[in-house]
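Chemist: here are the coordinates; sequence isn't available:
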């Protein structure tokens, strides 16, 4: 990756051009270079470079500099935190950086040699900083993660709250986790108990979601753990896919562990320690070893606002397989069984709205294309369990609705519908309603 530079050698942490070795007067070899055809002895670093390094190092928190990323190219970053290297000189630090072009999930610790010190900029006043730089994405990037990184109902943060949130969660505390056969790089900070503060990697039991610091602890646990699927009731099975309903009140530890795990991949998720009020729907791929978690959504047991979904996540190894869309569709199938209309918890993040707008678009266009004659928004809502306001805003965004004589009229030209359906893309995995065996939650007296 990147360009191929001249060969280098490294001495005492300084990177030098590869120099020819010429004999010195005492018979030893010293590195040398050639100036005007004559050999000239060189030092490890030029005086100018030394002065430059000493004037900027160690880098202050808030410094902006160019950093070499995993693609081999340099990208602008901001130093979020720093830590001293063990057994190193006073200026030897590792730096935790935020790539200002990308989402915070790519923040990471980097070594000094990845930073271009010639590009160092003055520390910027936090108060005048643009707080949305971390959300800069191309349309393709947004589309790519719309189903895997949906943050629903956790974005209502004013500028002060956003700064407080980012300060508290600025450094990723857990770098990787092991879950089943996958080792997964985490995206965000999660408030694990203090005794895990010194752990860069955690090992999760993929069935009960207990987490440990060491591999040996997990191996001992797996010999004792008799679960082969999430606790709770299996309410859906179709082929190798299963859905389990977990009551947060009956399985409190599992619910809390699931929230700790989810927070590693959701930036502004609110972590509810009181999981008694929630039901968790965990989607699994099943094989002869057990049922392996793919993703989940949660919902309140009783929602005055008709919310049918509070939080949703597809785990990174299962991205781009249609599971996010499946989870959204499943939440609406539960609403139909309840005889209610539903809507996701508000406010929606940009990416959450993108995912839901895609789902609403495909469902509504399919019905409009097959339906003969007029159909009202109320009828569409009754058929789909989608809230009337969501139907109205979706059809308005597609310019399929007009306001005539005091009422909204749907204009469903077949060619326009086909064009919109093509733009909406594939619908993901289908929920086979005949395989759903479920009764709505009722509080036990």
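Modeler: Received it, and whenever you're ready, just let me know what you need. Treat the numbers as computed from the prediction; the structure is a model and nothing was measured.
Chemist: In this protein, spot the helix with the most residues.
Modeler: Across the chain, the longest stretch assigned as helix under DSSP state H is helix 350-370.
Chemist: Centre of the chain to it, how far?
Modeler: Remark: helix 350-370 is offset 22 Å from the chain centroid, using C-alpha atoms, centre = their mean, to the nearest Å.
Chemist: Could you do stretch 100-111 as well?
Modeler: Stretch 100-111 sits 12 Å away from the centroid of its parent chain (C-alpha atoms, centre = their mean).
Chemist: phi, psi of residue 298?
Modeler: Taking degrees, to the nearest 10, you get phi -120, psi 160 for the backbone angles of residue 298.
Chemist: Tell me which residues touch it, please.
Modeler: 278, 279, 280, 281, 309, 310, 311, 312 (C-beta atoms under 8 Å, 6 or more residues apart in numbering). (C-beta placed from N, C-alpha, C; glycine too.)
Chemist: Look up how far residue 327 lies from the first one.
Modeler: In other words, residue 278. 15 Å (C-beta to C-beta, to the nearest Å).
Chemist: Neighbour count: these two, which is higher?
Modeler: Neighbours per residue (other C-beta atoms under 10 Å) separate residue 278 from residue 327, with residue 327 holding more: 26 against 20.
Chemist: Could you pull up the mean pLDDT of stretch 346-354?
Modeler: Averaging pLDDT along stretch 346-354 gives 73.
Chemist: let's number from 32 now, not from 1
Modeler: Right, with 32 as the first residue, what we last looked at is stretch 377-385.
Chemist: Give me the most central residue, this structure.
Modeler: Ranked by distance to the mean C-alpha position of the chain (C-alpha atoms, centre = their mean), the top residue is residue 296 at 4.1 Å.
Chemist: What sits closest to it if chain neighbours are left out?
Modeler: Ranked by C-beta to C-beta, 6 or more residues apart in numbering and with sequence neighbours excluded, the top spatial neighbour of residue 296 is residue 218, at 5.0 Å.
Chemist: count of neighbours near the one you found?
Modeler: As a burial measure, residue 218 scores 19 neighbours (other C-beta under 10 Å).
Chemist: Tell me the secondary structure at it.
Modeler: Secondary structure, DSSP: H, G, I helix; E, B strand; the rest coil: residue 218 is coil.
Chemist: can you give me phi and psi for it?
Modeler: phi -110, psi -30.
Chemist: about what we covered before: go through the contacts of residue 329 and give me the one with the most neighbours.
Modeler: Result: residue 343 is most packed of the contacts of residue 329 (other C-beta under 10 Å), 29 neighbours.
Chemist: What ranges in the stretch 132-281 of the chain fall below the confidence cut-off?
Modeler: The model of the stretch 132-281 of the chain has pLDDT under 70 over residues 153-200.
Chemist: As a check, name the ranges of all strands in it.
Modeler: Applying DSSP state E, counting those that start in this stretch to the stretch 132-281 of the chain gives strands spanning 139-141, 146-152, 207-210, 213-216, 232-235, 242-243, 264-269, 272-278.
Chemist: how about a markdown table for these, with distance to residue 119 and mean neighbour count added?
Modeler: Shown next, in a markdown table, are those (distance: least, C-beta to C-beta, whole Å; neighbours: other C-beta atoms under 10 Å):
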| stretch | distance to residue 119 | mean neighbour count |
| --- | --- | --- |
| strand 139-141 | 14 | 18 |
| strand 146-152 | 16 | 15 |
| strand 207-210 | 24 | 18 |
| strand 213-216 | 26 | 14 |
| strand 232-235 | 23 | 20 |
| strand 242-243 | 31 | 20 |
| strand 264-269 | 54 | 16 |
| strand 272-278 | 47 | 21 |
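Chemist: closest one to residue 470 among the ones you listed?
Modeler: Closest of these to residue 470 is strand 264-269, at 9.0 Å (criterion: C-beta to C-beta).
Chemist: How are the helices of the stretch 82-231 of the chain distributed by residue range?
Modeler: 170-175, 190-199 (DSSP state H, counting those that start in this stretch).
Chemist: And the next helix or strand past the longest helix of the chain?
Modeler: Under the assignment DSSP states H and E, the closest C-terminal helix or strand after helix 381-401 is helix 408-415.
Chemist: What are the contacting residues of stretch 241-254?
Modeler: For stretch 241-254, the surrounding residues in contact (C-beta under 8 Å, 6+ apart) are 208-209, 223, 227, 230, 233-236, 256, 284, 288, 291-292.
Chemist: Tell me the one of these nearest residue 408?
Modeler: Nearest to residue 408 among the contacts of stretch 241-254: residue 292, at 38.8 Å, using C-beta to C-beta.
Chemist: Could you tell me the per-residue confidence at that closest one?
Modeler: On the pLDDT scale, residue 292 is placed at 95.
Chemist: Can you say which helix or strand has it in it?
Modeler: Assigned by DSSP H and E, residue 292 falls in helix 283-294.
Chemist: could you give the angle of the next helix or strand after that helix to helix 283-294?
Modeler: Downstream of helix 283-294, the next assigned helix or strand under DSSP H and E is strand 309-318. Strand 309-318 runs at 80 degrees relative to helix 283-294, counting by axes from the mean of the first three to the mean of the last three C-alpha atoms, to 10 degrees.
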